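K.L.:
just coords:
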């Protein structure tokens, strides 16, 4: 029984209706239109159409992209996978009259008209940008990709001591910097224009204190199984972690310096393994 039915304040008992009964009751209250009414668009709020409308022409009257990506001709896909295609233009939504030359690609955005000469849009997630050239990586085999990077934040002995003791007013410096690094690795494509979103399967951020040279050492590791590397994600994580250390401590030490941001290691992909000098 509904609360209304049990409440003596209600004058009438609540009645449970079937869907058909409820629909019949609603239709019985509906007032049919005596004739078709033409109403201005700015006055139709709250009204419904008396009959379906069909446009005599396609709206829009052109093929438009349903996603952000790269427009090209399907005959150039093999070339895009092997050597890449030069990106010759950007086509935002609303841009009209674009023409794509053979052997090139155009950066295209959701809703934008596909340029004349193109018949395919490749999603940005399966492309890589190298020297302003679009490389389709969808045909590459997935491999285990790993990248490690590092950065240092040099500071005064007093600032380092505050970090070690947890005495900073903003809170736990190393924990916040670690979280910032993880977030940065996930959002690398939002920060660096030529990167595209990756589904990282692992992110590790290690921060350690060096009392000999008064610095925080940051080392990041990113990994996934896919067709493109994760070097930029690891480097972005190291950089943003270092910036976060600076932000947390700047009130007591504006002379801190971020140094030595570099890639230490990468593995996977066609180029195989690479290590910085002195790294294994």
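P.N.:
Received, thanks. Since the model is a prediction, treat every value here as computed from it, not as a measurement.
K.L.:
Could you measure from residue 103 over to residue 271?
P.N.:
Counting by C-beta to C-beta, to the nearest Å, the separation of residue 103 from residue 271 is 25 Å. (C-beta placed from N, C-alpha, C; glycine too.)
K.L.:
And these two? Which one has more around it.
P.N.:
residue 103 (15 against 9; other C-beta atoms under 10 Å).
K.L.:
the longest helix in this structure is where?
P.N.:
helix 231-249 (DSSP state H).
K.L.:
Give the buried residues for that one.
P.N.:
Applying a neighbour-count criterion of 16 or more other C-beta atoms under 10 Å, one finds 231-246, 248-249 buried in helix 231-249.
K.L.:
After it, which helix or strand is next?
P.N.:
Heading C-terminal from helix 231-249, the first helix or strand you meet, by DSSP states H and E, is strand 257-267.
K.L.:
how far does the helix or strand just after that next one sit from the chain's center?
P.N.:
Where DSSP H and E defines the elements, the next helix or strand beyond strand 257-267 is strand 274-275. Distance of strand 274-275 from its chain centroid, counting by C-alpha atoms, centre = their mean, to the nearest Å, is 28 Å.
K.L.:
what is the mean pLDDT for strand 274-275?
P.N.:
Mean per-residue pLDDT for strand 274-275: 94.
K.L.:
Residues contacting it, please?
P.N.:
Strand 274-275 has contacts (C-beta atoms under 8 Å, 6 or more residues apart in numbering) with 264, 265, 266, 267.
K.L.:
Over to stretch 154-172?
P.N.:
Contacts of stretch 154-172 with the rest of the structure, by C-beta under 8 Å, 6+ apart, involve 173-174, 176, 209, 211, 213-216, 245, 248-249, 251-253, 255-257, 259.
K.L.:
ok, now with 7 Å
P.N.:
The contact list for stretch 154-172 (C-beta atoms under 7 Å, 6 or more residues apart in numbering) reads 173-174, 209, 211, 213-216, 248-249, 252-253, 256-257, 259.
K.L.:
Of all the residues in that stretch, which ones are buried?
P.N.:
For stretch 154-172, a neighbour-count test (16+ other C-beta under 10 Å) marks 154, 155, 159, 160, 162, 163, 168 as buried.
K.L.:
okay, how far is it across stretch 198-212, tip to tip?
P.N.:
38 Å (C-alpha to C-alpha, to the nearest Å).
K.L.:
Pull out the buried positions in that stretch.
P.N.:
Buried residues in stretch 198-212 (16+ other C-beta under 10 Å): 198, 200, 203, 204, 205, 207.
K.L.:
With distance to residue 187, pLDDT and secondary structure added, can I get these in TSV?
P.N.:
Shown next, in TSV, are those (distance: C-beta to C-beta, whole Å; pLDDT from 0 to 100; DSSP: H, G, I helix; E, B strand; the rest coil):
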residue	distance to residue 187	pLDDT	secondary structure
198	11	86	coil
200	11	91	coil
203	12	95	strand
204	17	95	strand
205	14	96	strand
207	19	96	strand
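K.L.:
Quickly check those residues for the two that are furthest apart.
P.N.:
The most widely separated members of the buried residues of stretch 198-212 are 198 and 207, with 23.1 Å between them, by C-beta to C-beta.
K.L.:
Could you tell me how many residues sit around residue 178?
P.N.:
When neighbours are counted by other C-beta under 10 Å, residue 178 registers 21.
K.L.:
so how far is residue 244 from the closest residue to residue 192 other than its chain neighbours?
P.N.:
Of all residues not flanking residue 192 in the chain, residue 232 sits nearest, at 6.1 Å (C-beta to C-beta, 6 or more residues apart in numbering). Remark: distance between residue 232 and residue 244 (C-beta to C-beta) = 18 Å.
K.L.:
hang on, the earlier thing: average pLDDT for the longest helix of the chain, rounded please.
P.N.:
96.
K.L.:
Need the three-state assignment for residue 24.
P.N.:
Under DSSP: H, G, I helix; E, B strand; the rest coil, the three-state class of residue 24 is helix.
K.L.:
Quickly note the distance from it to residue 123.
P.N.:
Distance from residue 24 to residue 123, by C-beta to C-beta: 49 Å.
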